[in-house]
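A.B. asks: Okay, predicted coordinates and the sequence, questions at the end:
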Amino acid sequence: MTTKVAVERLTDPRKTGQRVYYTGVFLLCAWVIVPLYFLFLNTVSSAEAVNGFPKSFLPEFNLDSLKFFAGFDGMVSALANSVYVAGITMILSITIGAPAGYALSRFDFKGKELFRALILLTRAFPLPLLALPLAVLFIRIGLDDTIFGLALVHTTLAVPFAVLITFSLFSGIPIELEEAAWTLGCSRFTAFTKVVFPLILPGITASAIFAFVISWNEVFAAAVLTIENRTLTAFLLQNLDTAPMHLKFAGGFILVVPALVFIFAVRKYLFSMWGIANR
Amino acid sequence: MAQIIIKNVAKKFDTYQALYDINLDIKDQEFMVLLGASGCGKTTLLRIIAGLETASSGEVWINNRRVDHLPPKDRGIAMVFQNYAVFPHLTVFENIGFGLRMQKLPDAEVTRRVQKTAALMHIEQLLKRYSGELSGGQRQRVAVARALAMEPDVILMDEPLSNLDALLRLEMRTELKGILAESKTTAIYVTHDQVEAMSLADRISVMNQGKIIQASSPIDIYRNPAAEFVAGFIGNPPMNFVTATAQGPGKWLVAGQVISGPQRQVETLKFAIRPEDVTVSDQGLEAFVKVVEPLGAHLQVTCLVDGKLFRALLNSELILKPGDVLHFEPMSNRVRWFDPSTTLAVV
């Protein structure tokens, strides 16, 4: 009797499907979490523990590596540069991206589909290919090694996402709401500020934060286009190359954590960009 | 005073002609219903009056003022949308007061008017709620209240009841008629539901393929359809048509029966009669019963007359079965004639 049940359980296709599903979920989670855990573990371990063997899988909360960075020369100015560049990128990509997103969702014009495809295509050119001509151009017009110049490059990277996210936000707002506002005494502009804007504000914030993260994470253009005014990524890349292992871990940790926190905060809007139900 | 005049309005979307040369006069305080199947252009016409759509040509006058070049806010209109369009980020109070706030009215006046219209629509207890916390029927009430609070010259309604369930629709229909009559506002109401149109309208404009076929009072449209389309569209079941062939001056042969009709120099006309306007008799149009449906008040009988489907609403006490042969006596003052070449009524 019991063996029969056991056999049924083994061969029940639904049960098997569930098992495959949970295994898949487990593997995907492990894929993301395990490296992050190692990064965390080694960041809060002493230099000896990082280089030693066998490893402990429990953190010892030794903050020496992080303390080293807190006192590292140039660290603070690099951090400030990163925040400035990311801030400018955020503002520029929303002021450029949001009107484009609005136009895409509300107006019909010739070549609209092509335009949408072209927006994504800007991401098809590898940055290393563009970096050298950009560097030459920036030197010629005097934008090299400036925060604003780097922010411009980061804006071109972030704008496609800003357009697509705001496009989906605007599309999620029924045109009737705007039309109702028009019939109730609003001009096109006041209808936007009184009705559409309050409704998309959370989404716009999310899209801005995403632009911030793109800039924060970007290292290649930052390394090529700046020398004195390095951002945190470029600064760490330059200095960690020759640093001991435990400092590499701590540096990586410093870069990863803010990006992770930001992305986690805006995750539902990133889903909506790809057309997954916004919940 | 808000009279609406529509002069030669036409609308073309790229290659598709949505409206052809529409002319319509709507009197002050009149309840005008635009009735037609989907795609007939009725919503487009309403949106042109509202200013949400621009006419390709023609003029729109509201209150002796030409408005077709004005934005919606300057036309003295308010509109109720099919999906209600209640602003989700505002409370019911602020929704109803939205237009009043745009007019920069003092707070006390806004509060007074919001409360007055909310009481009229029986939603006083909902004023603090948000759209997400309302049922469909309540949202509908908010949308109507928001339009009424504006005290507009003209209120435009685009299928406002079509998203409600059947029972609620009946209730709102009656209520809406009473409230609008009291508010003395000119109303234009778009619907595809003929019962809704008949019950609400002072006047109905029946539209088909971008044209107004007939604009008249509900009972006139029902009794004296100006064209075959109207006769077939209005009424449930619709009017019956039987081919009539000429039998001498003013005499027409209809399904084996000679009937006197209009004097016309044509071979054939179409004889038309409403299902409830025939009685069973010893002689008359010969009908072969196909289906018998007892509806309570009536007996709906589907027959073949002259080889075509013919529906009659008969006394529910008759006992009939498929295969029976009947003779229908048409009520002579209810018979209508149509010219098959123009599809228009022959008077």
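C.D. replies: Looks like it came in fine.
A.B. asks: Show me the shaky parts of chain B.
C.D. replies: B:1 (pLDDT under 70).
A.B. asks: Let's see that with 80 instead.
C.D. replies: Low-confidence regions of chain B, defined by pLDDT under 80, span residues B:1, B:347.
A.B. asks: Just the C-alpha atoms of the longest strand anywhere in it, please, in CSV.
C.D. replies: In chain B, taking DSSP state E as the definition, the longest strand is strand B:278-294. Extracted in CSV, the C-alpha atoms of strand B:278-294 (Å, rounded to 0.1, in the frame of the first residue of the first chain):
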residue,chain,number,x,y,z
VAL,B,278,-50.5,42.5,-36.9
THR,B,279,-53.4,40.3,-35.7
VAL,B,280,-54.3,36.8,-36.6
SER,B,281,-57.3,36.7,-38.9
ASP,B,282,-59.1,34.6,-41.6
GLN,B,283,-57.4,36.3,-44.4
GLY,B,284,-54.3,38.5,-44.9
LEU,B,285,-50.6,37.8,-45.3
GLU,B,286,-49.9,34.1,-45.4
ALA,B,287,-47.4,33.0,-42.8
PHE,B,288,-45.8,29.6,-42.0
VAL,B,289,-44.9,29.3,-38.4
LYS,B,290,-41.3,28.3,-37.7
VAL,B,291,-40.6,29.1,-34.0
VAL,B,292,-43.0,30.0,-31.1
GLU,B,293,-41.5,31.8,-28.1
PRO,B,294,-43.8,32.6,-25.2
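A.B. asks: so what secondary structure elements neighbour that strand?
C.D. replies: In terms of contacts (3 or more Cβ pairs under 8 Å, 6 or more residues apart in numbering or on different chains; DSSP states H and E), strand B:278-294 is packed against strand B:257-260, strand B:298-305, strand B:308-315, strand B:325-330. Where you see a C-beta, it was placed from the backbone N, CA and C, and this is true even at glycine.
A.B. asks: roughly how far is that strand from the heart of the chain?
C.D. replies: 30 Å (Cα atoms, centre = their mean, to the nearest Å).
A.B. asks: Can you point out the buried residues in it?
C.D. replies: Going by neighbour count (16 or more other Cβ atoms under 10 Å in any protein chain shown), the buried part of strand B:278-294 is B:278, B:280, B:284-287, B:289, B:292.
A.B. asks: what does stretch B:169-185 give?
C.D. replies: Neighbour-count burial for stretch B:169-185 [16+ other Cβ under 10 Å]: B:169, B:172-173, B:176, B:179-180, B:183, B:185.
A.B. asks: is chain A contacted by it?
C.D. replies: No - judged by Cβ under 8 Å from any Cβ of the partner chain, stretch B:169-185 and chain A are separated, with a smallest distance of 14.0 Å.
A.B. asks: and the stretch 51-200 of chain B, which residues reach chain A?
C.D. replies: Proximity of the stretch 51-200 of chain B to chain A (Cβ under 8 Å from any Cβ) is limited to residues B:51-52, B:71-73, B:77-79, B:81-83, B:85, B:87-89, B:98-99, B:102-103, B:146, B:150, B:156.
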